[in-house]
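Trainee: Kindly generate the corresponding structure for this input.
(chains A, B and C)
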Amino acid sequence: MTLTELRPDLVTDRGIAGRSPWQLAWRRIRTDRVALVSGVVVILLGALALAAPLIAAWNGHDPDVQFRDTGITAEGLPVAPSGEFWFGTDRLGRDLFVRVLYGARVSLLVGVVATGLAGLVGVVVGLLAGYYGGAVDTILSRLMDVVLSFPYLIFAIAVVSIAGPSLSATIGVIAFYSWAAIARVVRGQTLSQKEREYVEAARSMGAGDLRIMFVDILPNLLAPVIVLTTLLIPVAIVFESTLSYLGLGITPPTPSWGNLLSEAQGFYRVAWWYLGFPAAALLITTLAFNLLGDGIRDAIDPRTERLFSRRGKAARRRRAPKED
Amino acid sequence: MLRAFLLRRTLLGLLVLWLVTLGTFLLFFVAPGDPARTLAGRQATPEQVELVRHNLGLDRPVLLQYLDYLGRLVRGDLGTSYFSGEPVGKLLAQDFPPTFSLVLGGAVLWLALGIGTGVLSATRARSLLDRALTVLALAGVSMPTFVVGLLLLYFLFFQLTMAGAPILPPDSYVPFSDGPGEWARHLILPWITLAFVQAASYTRLTRGSLLDILGEDYIRTARAKGVPERRVIYRHGLRAALTPVVTQLGVDVGTLIGGVVVTESVFGLGGIGQAVVQAFVSGDLPVIMGVVILATTAVVVANLLVDVAYGLLDPRIRLA
Amino acid sequence: MLLEVDGLVKHFPITTGAIVKRAVGQVRAVDGVTLALAAGQTLGLVGETGCGKSTLARCVAGLYPVTAGTVRFDGQDITNLPRRRMRPHRRDIQVIFQDPYGSLNPRRRVGSIIADPLVIHRVMSGEELRRTVQELMERVGLNPEHYNRFPAEFSGGQRQRIGVARALALKPRLIICDEPVSALDVSIQAQILNLLKDLQDDFGLTYLFIAHDLSVVRHISDRIAVMYLGKIVELAEADELYEAPRHPYTAALLSATAVADPDEAERRQRVILTGDVPSPIDPPPGCRFHPRCPKAQQVCAEREPELERKQHLVACHFPVAAGEDLTAGRPA
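Mentor: Numbers count the residues shown, from 1 in each chain, chains lettered A, B, ... in the order given. Coordinates of the predicted model:
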């Protein structure tokens, strides 16, 4: 008698389910505490940034309103953090907390949009260069080299001289630099995928070049591209804050963490909060994205050894049993 | 084979250099703002502005101006600043020492720090020290240079001074010839600023690369043969692990120009970075071009050196 | 004749030079091959690694541009056709590849992979497409419920079945099988070979079957061609090739195949060839096999033998006679 005959109540219909590569990656990242926390932080930041106007309305303090009476001391200096002003005020008596929140909007917007744009352009160019090779590849690769060799700050200054400092100029400049970085990686991956037999198979069936590039090769690139773009977002955010700091990005009165810090430079001796909170915001945001990107990379490609995983610790304990 | 490889890379570098200068030149002419007018002053009459424009040669067709510039460049003449009338070469030479001091000291510091802590981290993988260093490195990679600079300014200058120990100055540059002690003292904070962010990425890179190498079979063989651990790490492991670090170095020289501009700005060092920001604001084309050429040449040369190092280290690259 | 190949030549240039590349030599992968294949037949193509059989297959399939010679399919010249003109022919000529791990896109589901030819040629879509794919899966011995799985979830043999299903989708007339069982375990090889035979009967397929193992090829082929260093050295009906090989190379290959009966294995003498296969960049003068041939004479080094009918097609000055013992010979 088999088990199924003895205990028919135990037999279920489930059978064996296959797991796609994405499902596997998701399961791995679920056990990575650091990546999860970073992911939560990123989502939280996004929520806060989106909700900034609501918070300002609830708080009663708009980012541009100068509170001359309550926000500035008798000597004309910013006020320290208090019940009314959670992060204190800036040099014009504006609520720093609200300004930092609005700064988050700028940073995340620039970070995500610029990287997203760069990603789109980079993937297409990388695919074309890697797949077609020959003259197309030579020209596009030289283009990538030129873009990457260009002292980016000089270029930023140049663009700003033409178009004036603005949100779109900043996004444009950052996207312009990032696409080349993405395109280079995509090109490399495409070159290696191009030689695989499944590409030959597709060609033997009469598939056109576009179909092979986007239906066959692209799914094999998604994993490294996702990791790369996640890690490029903090680069974009740092880029934007640097430009704003130098006065070439977002200019006051619109708050950006960069220009807040630029203002703070003259006041750090008397107003530590002016420097501290925007700096902390920048640090937390970029750190979260970096850790998240690392976590995604490990989930997709678990070869690299990881420091903080609980799963790793348990596995190591299992592998090396203690002597009793 | 190596010669052909180098030849190709050099030609490529020159091509890139040319394209970059061309791009900058064209960019300048698309920009609004009129250096002639700015130079002539607000009170100037149209005729006076025209006169200034003519003197600067700005009324000629763009192509002609560009060819003229190229011609002089080949002879080593970088032109004259629109605003100070001084030769660009001289201006750059004046602004060069602060930038060079900053980059040199910073580079020594970050390479030593980055590779050193990377090795430390890798050899004591997963220990408390390793984890602490990794977190620190991650923080460093996440921070913009100017934030690091500002924070250092706050803690190491302001707080120290308040606490009665004013050892570090907030700004300005003292030439080496005026006293190495003072020169170094004024550069310590900028060096740390520059080095911290750069070192962070080198730590991660060295650590990852070295860990990969140390897992290889030939390292196991060396250890089994009884080679002392120190030699295993430095002679066998590090040598191979350094190739990605070298590549990164080449890439970083490009982004370094940005980092330098910012650091000079935070600490008021008056180097090339600040010069170029000034030049763009005032529309001083020859100075802009001079700086762009200098910066791009640095990048191209750095990349070429990286390629050579790579070609020497890894014979496969030469044959590509 | 469904497929006619006439004097096919495929050379790959070897380039050198830093800035401008120039050709300093040629890899003569295929150096003049002529063969014909009738509808419903199977032609086996055998040879060692590097003899050019895979290259030949890809030239016939239109995956490589041909250096010289012609390929005619169903009377039409399809040599080096531009992509658009070749497209309709691709419905009739399909390929089954060797590597069950590389020939399927790891990031796509198998249902989508099998449906590919149908989608590319816009034959059908939607519900009809799914049903057809599942029918195909069933026909090749796979569970149709699994069409949403990824290739990694299947075994090597199963993946090869997926490849077969994909090749069948458009109901082609000619299928080029490029060593389809070489990467599989022996027990699985038999299953796939039988599958291919059944499908040939059911669908009226024509096969160009490439392999390096003579015993594999015998089971499935009507005629067999033996290739050496870019040229065909012998072409005969399957049984005749096995019972009475005429080219010394074929005889050597045959003597190396496994024999089931242990007594006969003991009795059998191995013909051992000396030396390695020469490089296709610089083939030996005269008969390409002469440096390794136990029967070689002076004329073999001077004049290249033509493929001529001496009982069956063979390219040799001194074809092996029935019952001749080659083990006593020595290379010239």
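Trainee: Give the buried residues for stretch A:71-83.
Mentor: By 16 or more other C-beta atoms under 10 Å in any protein chain shown, the buried positions in stretch A:71-83 come out as A:71-72, A:78-79, A:81. (Glycine included, C-beta is placed from N, CA and C.)
Trainee: count of neighbours near the residue of the stretch 51-200 of chain B found nearest chain A?
Mentor: Among all residues of the stretch 51-200 of chain B, B:Ser142 sits closest to chain A, at 3.6 Å; criterion: C-beta to the nearest C-beta. Residues lying near B:Ser142 (other C-beta atoms under 10 Å in any protein chain shown) number 24.
Trainee: cool, A:Lys194 as well?
Mentor: Neighbour number of A:Lys194 under other C-beta under 10 Å is 18.
Trainee: Ramachandran coordinates for it?
Mentor: phi -60, psi -30 (degrees, to the nearest 10).
Trainee: wait, what's in contact with the spatially closest residue to it that is not a sequence neighbour?
Mentor: With sequence-adjacent residues excluded and distances taken as C-beta to C-beta, 6 or more residues apart in numbering or on different chains, A:Lys194 is closest to A:Tyr131, at 6.0 Å. Applying C-beta atoms under 8 Å, 6 or more residues apart in numbering or on different chains, we find A:Tyr131 in contact with A:190, A:194, A:209, A:212-213, A:217.
Trainee: Secondary structure class of the residue nearest to B:Leu6 when sequence neighbours are not counted, three-state.
Mentor: Distances taken as C-beta to C-beta, 6+ apart put B:Val308 closest to B:Leu6, at 6.6 Å, once the chain neighbours are dropped. Three-state assignment for B:Val308 (DSSP: H, G, I helix; E, B strand; the rest coil): helix.
Trainee: how close does B:Val308 sit to B:Val301?
Mentor: Using C-beta to C-beta, to the nearest Å, B:Val308 is found at 10 Å from B:Val301.
Trainee: Quickly find the element holding C:Pro13.
Mentor: strand C:3-16 (DSSP states H and E).
Trainee: Can you list the low-confidence ranges for the stretch 51-200 of chain C?
Mentor: Counting by pLDDT under 70, the stretch 51-200 of chain C contains no low-confidence segment.
Trainee: so which residue of it comes closest to chain B?
Mentor: C:Gly102 (23.1 Å).
Trainee: what residues are up against residue 177?
Mentor: With no chain named, the answer covers chain A. Contacts of A:Tyr177 (C-beta under 8 Å, 6+ apart): A:118, A:147-148, A:150, A:152, A:155, A:239.
Trainee: The chain in question should be chain C.
Mentor: C:Cys177 neighbours (C-beta under 8 Å, 6+ apart): C:95-96, C:196, C:207-210.
Trainee: Just those: which are in helices?
Mentor: C:Leu196 (DSSP state H).
Trainee: show me which of the contacts of C:Cys177 neighbour chain A.
Mentor: Filtering those for neighbours of chain A using C-beta under 8 Å from any C-beta of the partner chain leaves C:Val95.
Trainee: Now, the contacts of C:Cys177 that are in strands?
Mentor: C:95-96, C:207-210 (DSSP state E).
Trainee: For the residue of the stretch 51-200 of chain C closest to chain B, grab the count of nearby residues.
Mentor: 18.
Trainee: so where does it fall, helix or strand?
Mentor: Using DSSP H and E, C:Gly102 falls outside every helix and strand.
Trainee: Just list the residues touching the residue in the stretch 201-332 of chain C positioned nearest to chain B, thanks.
Mentor: Shortest the stretch 201-332 of chain C-to-chain B distance, computed as C-beta to the nearest C-beta: residue-wise this is C:Ile281, at 17.9 Å. Contacts for C:Ile281 (C-beta under 8 Å, 6+ apart) come out as C:14, C:25-28.
Trainee: chain center to stretch B:232-248, what's the gap?
Mentor: 23 Å (C-alpha atoms, centre = their mean, to the nearest Å).
Trainee: swap that for stretch C:311-329, please
Mentor: 24 Å.
Trainee: if we can go back for a sec, so the nearest residue in space to the residue of the stretch 51-200 of chain B closest to chain A that is not next to it in sequence, which of the three states?
Mentor: Residue nearest to B:Ser142 in three dimensions, not counting chain neighbours: A:Thr286, with 3.6 Å by C-beta to C-beta, 6+ apart. Put simply, A:Thr286 is helix when judged by three-state DSSP.
Trainee: The residue nearest to A:Ser20 when sequence neighbours are not counted: neighbour count?
Mentor: With C-beta to C-beta, 6+ apart as the criterion, A:Ser20 has its nearest non-adjacent residue at 5.8 Å, and that residue is C:Phe150. Counted with other C-beta under 10 Å, the neighbours of C:Phe150 add up to 20.
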